[in-house]
Every structure is written in structure tokens, then in C-alpha cells.
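# give me a model of this one.
(chains A and B)
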Amino acid sequence: MKIALTIDGRQVSVEQGTWLLAAARRAGIDIPAFCHHDALEPYGSCRLCLVEVTRGGRTRLTTSCNYPVLREGETVSTGSANVLRARRVVMELLLARCPDSEPVRAMAERIGVAASRFPPPAPSRLGGHDEALVDCILCGLCVRACDEAIGASAISFAERGPNRRVATPFLASSAACTGCGACAAVCPTRVIRLEDTPAGTRRIAFLHTEVTLRRCTSCGRPFGPEPQLARLPADAGRHARPGSPAARTVVPPDTCPDCRRRAFGGEFARWTIPPARGAGEGSRP
Amino acid sequence: MVTARLATVADLEAWRQGLVRKRRPRTRRVRVCIGTGCAARGSRDVLAAFREEAATARRGGRRVTVEAKCVGCHGLCERGPVVVVDPGSFFYQRVGVGDVAEIFAETVLEGRLVDRLLYADPATGQTVATAEDIPFYRAQQRIVLAENGRIDPTRVEEYVAVGGYTALAKALTSMSPEEVLVEVERSRLRGRGGGGFPTGTKWRHCREAPGAQKYVICNGDEGDPGAFMDRSTMEGNPHAVIEGMIIGAYAVGAREGFIYVRAEYPMAVEHLQMALEQDRTRGLLGDDILGTGFSFDLRISRGGGAFVCGESSALMASIEGHLGEPRAKHIHATESGLWGGPTVLNNVETWATVPHIVNRGGDWLAGIGTAGSTGTKIFSLVGKINNTGLLEVPMGIPLRDVIHVIGGGIPGGKAFKAVQTGGPSGGCIPAEHLDAPVDFDELTRLGSMMGSGGMIVMDETTCMVDMARYFLHFLVDESCGKCTPCREGVQQMHRILEDITQGRGTPEELTSLEELAEVVRDASLCGLGTSAPNPVLSTLRWFRDEYEAHILERRCPAGVCKALIRYHIDAGKCTGCMLCAKRCPVDAIAGERKKLHVVDPAVCIKCGACVEACRFEAVLIASGEGA
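Residues are numbered from 1 along each chain as shown, chains lettered A, B, ... in the order given. Next up, the predicted model:
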């Protein structure tokens, strides 16, 4: 069922249950957000996507990412004085927390916040002893990606209030981590980075975790995280055309993508394990 | 004695009549409060001593039956341990183990009063014999707390004997779920947990929501500092809460329920656990309750002590085994709550009111209180007040009556300054609004809230800026940290308040504080964040001059903020006794016997030991210019 609403004076019609942020973006109206990703359930933690919704004569501030469009006739303002003030103050708070983070500063600039009135919170209040935590805005994208998209739930939030942090259980190397790097891929502040070591391991320093990379039986080069490869279903190639390279690939693979290409004589392997991602590839803010 | 399962409503009634017959009114009975307040002052030892006396008397062949029993909180915690002797309902206060033999010999056996243990009016010194004669009790109207202090909360028999579970029997046999619902709607009962949402409306939404598996939940995660309403109810009369929940489950169509209690309330957990087991044995809970075909069971879920888990969505996440984190509530719990099922979550007090509505009718409750806030409300009264304790009053009672009649006024003859209602995230109400009626809408209008019913009284020696700082400090650590405004904003507000109380505040910071408070209120995700700025906003509204004195004059008008005060000794009053100098832990006071003493401000750590030591009120606190 289609629902009609007005966003910034524009008439918009969307499927019932569409998130307001998606509805606005589809209509070409941009709303800033840090903790949102289209592939994940909305969470509503960063509060940058605040808008004003008027319904039945009552106007209130709400985050658009987790606001479902359910009823006819709502009027939305994404740039009222109230919205801009709240967004500015929220941005100032994030900037105070992470004054040196490049992505946070870029967002501040985009919103029009040149500097924060507030000093950084006392260092002791940032949980743990990790330098890396300083640039984390606790948006929760990594935690949700690991849980919802990957199904590993290797990381979670620990502690509360000013001490809240993303962590593995007991801050130890996570046994549940598959080393897939989804957390790094979605991290908007790029504090989660993957590092493939010469020793044949993948280290995620932010999460105190290190996983072994499988070595190619042909060239000896490490090519993919063991736990991730081990999770591949045995019938992963079942949809491949009979006789194609994909159908002939052992699951999980024991050779690296390069060697497989060579082995198949130039035939293109239908799927490969992508190389480690992380640095420089945050989700679309 | 019937120990079997009650197969029908008639069985319940027969059992109840048997129990009533056994409660001979002439029985000599000693009721010892084992509520947390009295227990902390050793009431369990007092109870043990009475039991021993009773056993000795029996062995000695005296032909009197004496029953020494434990009961829930009487309410006047300030005067605990409280002991009541029947017949006569003689009310003894501050009873120690050493007083037991005398009470037993004089009052229990001979019916004579022990004068020195009676309540004496602080103003007149007049002693009174019974609770009814104490102003603290006289001005109350007890419905939910009616049986607190009368029945043994660990025995279902006592609850049944005073009419317990008759409402359940009535609802299950002579009312349809719809009829129960209509009575609750007619009562216009509003949720006692703080939000004040109409209970009947909530129930109807849940009843009408599609879904086979529905739930009822009791929120017993009372976490406000200084609040013990729900605790005392769960400890003192657990069956009332359970009966209300079974009736609610019947009305909305739930077959499963949870009581969420904080683990820091071990006695509440224990009493509820005992109550549930007794109810299951008796057929009052579980399959085919009282043979009516209605089945419902309850489980206790213990909370780990996070304040945020009192927030409904965080509470449900916690029951589900997830992080106790709130989520947006654009879709109500009555549509999709616990494990996605339609869920009614009510507070302890709300549930405990339900049996009374079923028994006496919705119109009866609607006739108590005010038009917008019906019924009674339990408050815990703490802080700078003579009668610290638990009270239940009709909605709409003037605040003045709560403070000055029931509370007995401010100790030491000091002036009342304000009362914080609604817990740490509530607001303060100043003296000029002391005649305001206490109800949901009036408290909101004054910038505070009902909350769950904590009242913290402040007198002239309370600094309102320091008070706001204190509550914000609590909230900084209790924010779950999920959303930016609450996690970062409350922290920043707290830092600004620290600056102001330490004499470093600037007018610019005050502007920032105000804007921050408004944004945290408007932009936070859950009720904890949206109400966290209340202590700041309400003190700014009523006591802005105190903020300005701290910032512009570097002066703390109440003489509290250490950085802004200075101790000095009044030359006219000092007798040179040297007591203050002896007590000073840092040797900051100089002076010889019979000569004026002097405080060295460079050494003084402002601990206040000298003020307490001085018998002549010669040590003074000064603040501001020239101090």
C-alpha cells in the first residue's frame, strides 16, 4: 500500500513501512547519518538524521532512520530551525569526542559545524586503554553487521555510559570472529582496520583479534581467513553451470584465486574471496 | 487445614472462611516489621526474641496464645524497627532486642503500655498508643499498602484470609475479559511507573492486537536513588502484585508473564518466589486456575542493576537475554513487545491496584483523587524530612500536607527549599508551589514529573546547583551509552556543573548548558535521555539566581560548594574551648585556651568537622566577596 507524505514541501509517495530516511533520500533529499546502512536494521544511535514530523497537529523531533512511514498525511521538515539546532549540537558532541577523526570532521563541515564548544570527555571516561577507541563514535554498524549480515556475533557493546565500547568477549581474541572484515567495511570512522601480517595472519587490532589465513597449496601465499573459509557451505557451487570452473572448485578452496585462475587455464572462477578491505572504504555516510 | 490444590472457586471460598475463623480476634499477636528499613536496624533479631518469649510463655503453661510474626513495611521507616501488638494495635517504635522482654511482659501479657517506646509528637511531646493517632498515618489513604504491616508476606494463607484472590475468582467466573477491561478503563487508572499512560487503553491495545502469544510484564526494576515504593510492595504483599497480573493476563489474553526485579532486592525476589510456589501448589497459578480453564504462569527475571533496564524496551531486551538497551518505540509494545508478541508492561503499584478495581469497581477508584489522576499513589519520602518513610495518599493532595503533615516538616527547624519528585531525572518544586496538588498533570506543568514516586526533600542548606550536579553524576554512569545526546550530552552537562560548583563557571557555559539540556531532552532515544536534563532545567527555572551567584559572584548561597566557601570563627561566640582545633584533621585551627580560635584558609580542607564539634555554633561558613 502506498502512503503519501510531504517532505520539505515536496509530495512523496512510498510503500507503507518505508523508513523515513529512505523515503527522503529516494526523493533526492539528503539527510546526514553516521549509524545508518541500507543493508542493516535501523538503530537510531547517532541522532544526526533528526527531522521534525508533524502529525495531527503535533510536531516532534525524531530520527528518520528508524521512523516508519505508516500513516497518511504526515508532514516532514528536514531543515527546520529546531532540526538544525539539535543536529548542530549532536555534531558538536561527536566532534568533542573525536576531534582528530577525519570522517567526523568531514561530517561536521558538511553540517556546517566549524568547531565544538565542548572539550573532549575526560580520557579516563573512555573505556579501556586503547588509543584506537578515541575515534570510535559507537554507531554500532560493526556490531550489527557482524550479527545481522554475517551471523557471527563476534563483537558487541560492553559496559555502559561513558565507558561503552565495542569489544570482543573479555577483550580477548574472538573465537567467533571469521576474519571476514565486514566490521571494517562498514565502519564510518575507519577505526577498524584489517592488517594481513607477513606471518600469515589477519589482525583486527581494534578488536584484539587475530585469525589465521589459509595458505595456498600451490603458491604458498596466504589468501583467506581460515574460519571464514570453514564456514562456506559444502554445496556452495551448486548453482554453478555443470562443468564450469566454479562447479569444479573444491569447497572450501585450497588454492588462492590467482592459482585457481591459472589452474583453470584462464577460465574465470565464478567466485573468489575478496582481499582484505578496510582502510579507505567506509560505508556511505 | 486444606493443603490441597483448590479445584474450584468454591474451594477458595471455603478455605478462606476456615482461615478467617482461625484468626480469632482475641489472639495476642506481635507484628514485627521485616521491611528492608527495619531489617537494617535489626528487626529480625527483635522478631527472633519475641518468638523465644512466646515459646517460653507457652512452656510456662500460660494460657495465652501468642503469635509473633513478620510483616511487610509499615511505612514509618524513620522510627524503625516498628512493632505492633494486638489486641489494641499498640504501636512501638525504635524497638531493640533489649526492649522485647518488657514489651512481652507488660503489653502482650498484661495489656499495659510501655510509654518510652510509644511515638511522641516531636512538637508537643505527647505520646500516642496506636498508628491511627500518628499524623504520619492519619493523613494517608492506604489501598495498595492497606495490608502492608498486617499480613505475613511469606504465607498465602494470610493474604487469602484478608480477601486475597477474591478478585481473581470474581474475574474468572463472573466477568468476561472484556468486562474486566471495561472496569479498568472506567477506573481511569494511569500507570504508576512514571509515564502515567492510561492502563485500560494499554490493555485494550494489547487485547486487540493480532498475535497468539501475548505477555504481561511487571516492572519491578525500581532504580531511583531514595525510592522504595515497589520494593516495599513486593516485599510486603507479593500476592497482590501476582493477583493483579493474573487478572490482567486474563483481560488481555496472555498465558505467560514475567516479573522483572532487580537483583539488589533479594527480599523482594525471595518473597515473590515463595508466593509463586505457593500459588502453583494451590492452583492459583499455572494450568486451569481454580478449575476455570484459564491458564497462566509467571516467571521471575532478575535484573543486573542497570537503571536503564527500568525503561520498558530495555527491560524487554534484558528479559530476552540481550543487552539492556532501549530501542525506538514507534511501534508500541502492545503490538510488538517481548519476543515480538503483544505485551502489557505495568509497574508493581499499577498491578497491585487491579484486584481492588475488580472487587470494588472502576467507578470506586475513579472517585478517589482528581479527575485527571484517579486513585492513590505511593511515595517514598526521603532527604531533609523528619518522617522518612513510605506513604500512600490520594492523588491531588497538596504537596504541603505531604511535607509538613505526613513528613512532619524539616529537621532542626530549617526552612523547606524544594522537593525533587520523579527521581534523579525528575525535577524540583520550590516552596512557592507547596500548595500545588500532587497529580500527574500538575507536576508536569511545574516542570517536574510524578515518576515512580520518589520524593527527596531539600532544605535551605541544599545547594541547588550541587544537587543538579549530583543527579547528573548518577545519570552519566547510568546512561546506556547507545545514543549520542544522552551519552555525550549528559557527560558534558555534568562537566559544566562541576565547573560551576568549583567556581570556574562562565556565563557562556551557562548558555551552553541550557541549550545542551534542551537538545538532550528533545533528541535522545529513550525516556532516560529525554528526562535526564530535568534536574538542570528545573533548577534553572526556579533557582537561576543560585547559578548566577556561583558564576558571577563566585558565591554558593547555601554554603555547600567547597571551592566557594570559607570557614571562620565568630569572635562573639567562640569560648576558646579548643574542641574544634582538636577535631580538625589537618590542624588548620590555631588558638589557645580561652582565646579566640582562627581557621587558616590555606590549610583548611572544608570537611566540616569543626562545625559539628562546636557546641556554641561559633564556626560559620561564608561565601562570596569578602569571604
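# any buried residues in stretch B:397-411, and which?
Across stretch B:397-411, burial judged by 16 or more other C-beta atoms under 10 Å in any protein chain shown covers B:397, B:399-410. The way it works is simple: take the backbone N, C-alpha and C, and place the C-beta from them, glycine included.
# apologies, that question was intended for stretch B:459-477.
Neighbour-count burial for stretch B:459-477, counted by 16+ other C-beta under 10 Å, picks out B:459, B:462-472, B:474-477.
# repeat that for stretch B:215-226.
Under 16+ other C-beta under 10 Å, the buried positions of stretch B:215-226 are B:Y215, B:V216, B:I217, B:C218, B:N219, B:G220, B:D221, B:E222, B:G223, B:D224, B:G226.
# next, the nearest residue to the second one once chain neighbours are set aside: phi, psi?
Looking back up the chat, that one is B:V216. The shortest distance from B:V216 to any residue that is not its chain neighbour, by C-beta to C-beta, 6 or more residues apart in numbering or on different chains, is 4.2 Å, and that residue is B:G257. Backbone torsions of B:G257, given as degrees, to the nearest 10, read phi -150, psi 160.
# what is the subsequent helix or strand relative to the helix or strand that contains B:W203?
Secondary structure from DSSP states H and E places B:W203 in helix B:199-208. As assigned by DSSP H and E, the chain's next helix or strand after helix B:199-208 is strand B:215-220.
# what residues does that next one touch?
For strand B:215-220, contacts defined as C-beta atoms under 8 Å, 6 or more residues apart in numbering or on different chains pick out B:193, B:230-231, B:234, B:241, B:245, B:248-249, B:252, B:254, B:256-262, B:265, B:268, B:310, B:312, B:315-316, B:319, B:337-339, B:341-348, B:351.
# same thing but 6 Å
Taking contacts as C-beta atoms under 6 Å, 6 or more residues apart in numbering or on different chains, the residues outside strand B:215-220 that touch it are B:193, B:230, B:234, B:245, B:248-249, B:254, B:256-261, B:338, B:341, B:343-345, B:347-348, B:351.
# can you pull the pLDDT of the residue in the stretch 1-150 of chain B positioned nearest to chain A?
The stretch 1-150 of chain B approaches chain A most closely through B:T36 (25.9 Å), counting by C-beta to the nearest C-beta. At B:T36, the predicted lDDT confidence score is 85.
# OK, now which residue of the stretch 201-350 of chain B is nearest to chain A?
Of all residues in the stretch 201-350 of chain B, B:A328 sits closest to chain A, with a separation of 4.5 Å (C-beta to the nearest C-beta).
# surely that residue touches A:S45?
No: counting by C-beta atoms under 6 Å, no contact exists between B:A328 and A:S45, whose distance comes to 10.2 Å.
# show me which of these two is the more surrounded one.
Comparing B:A328 with A:S45 by other C-beta atoms under 10 Å in any protein chain shown, the one with more neighbours is A:S45, at 27 against 18.
# A helix includes the more buried one, no?
No: when the secondary structure is assigned by DSSP: H, G, I helix; E, B strand; the rest coil, A:S45 falls in coil instead of a helix.
# wait, it sits on A:C35?
Yes: using C-beta under 6 Å, A:S45 is in contact with A:C35, at 4.7 Å.
# any regions of the stretch 101-250 of chain A where pLDDT drops low?
Along the stretch 101-250 of chain A, segments meeting pLDDT under 70 span A:123-132.
# which parts of it are helices?
Shown for the stretch 101-250 of chain A, the helices assigned by DSSP state H, counting those that start in this stretch span residues A:102-111, A:141-144, A:182-186, A:226-230, A:245-248.
# ok, back up a step: filtering the buried residues of stretch B:459-477 by proximity to chain A, which remain?
Contacts with chain A within the buried residues of stretch B:459-477, as defined by C-beta under 6 Å from any C-beta of the partner chain: B:V476, B:D477.
# among the buried residues of stretch B:459-477, which one sits closest to A:T217?
Closest approach between the buried residues of stretch B:459-477 and A:T217, by C-beta to C-beta: B:D477, at 53.6 Å.
# separation between the residue nearest to B:V216 and B:A171?
Counting by C-beta to C-beta, to the nearest Å, the gap from B:G257 to B:A171 is 15 Å.
# which one's more surrounded, the two?
Of the pair B:G257 and B:A171, B:A171 is the one with more neighbours under other C-beta under 10 Å, namely 27 against 24.
# surely that one touches B:V180?
Yes: in this structure B:A171 lies within contact range of B:V180 using C-beta under 6 Å: 5.2 Å.
# what's the helix or strand for B:M267?
B:M267 is part of helix B:266-282 when elements are defined by DSSP H and E.
# contacts for that helix, please.
B:6, B:153-154, B:156, B:231, B:234-235, B:238-239, B:242, B:259, B:261, B:285-286, B:298, B:300.
# mind listing what B:P557 touches?
By C-beta under 6 Å, 6+ apart, the contact list for B:P557 reads B:E546, B:A549.
# how much space between it and B:V465?
9 Å.
# B:S43 now?
In this structure, B:S43 lies at 39 Å from B:V465, with C-beta to C-beta as the measure.
# starting at the chain centroid, how far to stretch B:87-98?
24 Å (C-alpha atoms, centre = their mean, to the nearest Å).
# how far away from the center of its chain is stretch B:165-181?
Here stretch B:165-181 is found 30 Å from its chain centre; the criterion is C-alpha atoms, centre = their mean.
# try stretch B:391-410
What separates the centre of stretch B:391-410 from the centre of its chain is 14 Å, taken as C-alpha atoms, centre = their mean.
# quick one: average confidence on that stretch?
Per-residue confidence for stretch B:391-410 averages out to 93 on the pLDDT scale.
# lowest-pLDDT helix or strand in chain B?
Every helix and strand in chain B was compared by mean pLDDT, DSSP states H and E; the lowest is strand B:66-71, with a mean of 77.
# buried residues in it, which are they?
For strand B:66-71, a neighbour-count test (16+ other C-beta under 10 Å) marks B:V66, B:A68, B:K69, B:C70, B:V71 as buried.
# biggest separation within those, which pair?
Taking C-beta to C-beta as the measure, these have their most distant pair in B:V66 and B:V71, spaced 15.3 Å apart.
# one step back: can you tell me which of the helices of the stretch 101-250 of chain A is nearest to chain B?
When the helices of the stretch 101-250 of chain A are ranked by proximity to chain B, the top entry is helix A:141-144, at 9.6 Å, counting by C-beta to the nearest C-beta.
# near chain B at all, the closest one?
No: applying C-beta under 6 Å from any C-beta, one finds helix A:141-144 separated from chain B by no less than 9.6 Å.
# which elements pack onto that helix?
Contacts defined by 3 or more C-beta pairs under 6 Å, 6 or more residues apart in numbering or on different chains; DSSP states H and E place helix A:141-144 against no helix or strand at all.
# who touches that helix?
With C-beta under 6 Å, 6+ apart as the criterion, helix A:141-144 contacts A:H37, A:L40, A:I155, A:S156, A:C183, A:V186, A:C187, A:I192.
# fine, thanks again, bye for now.
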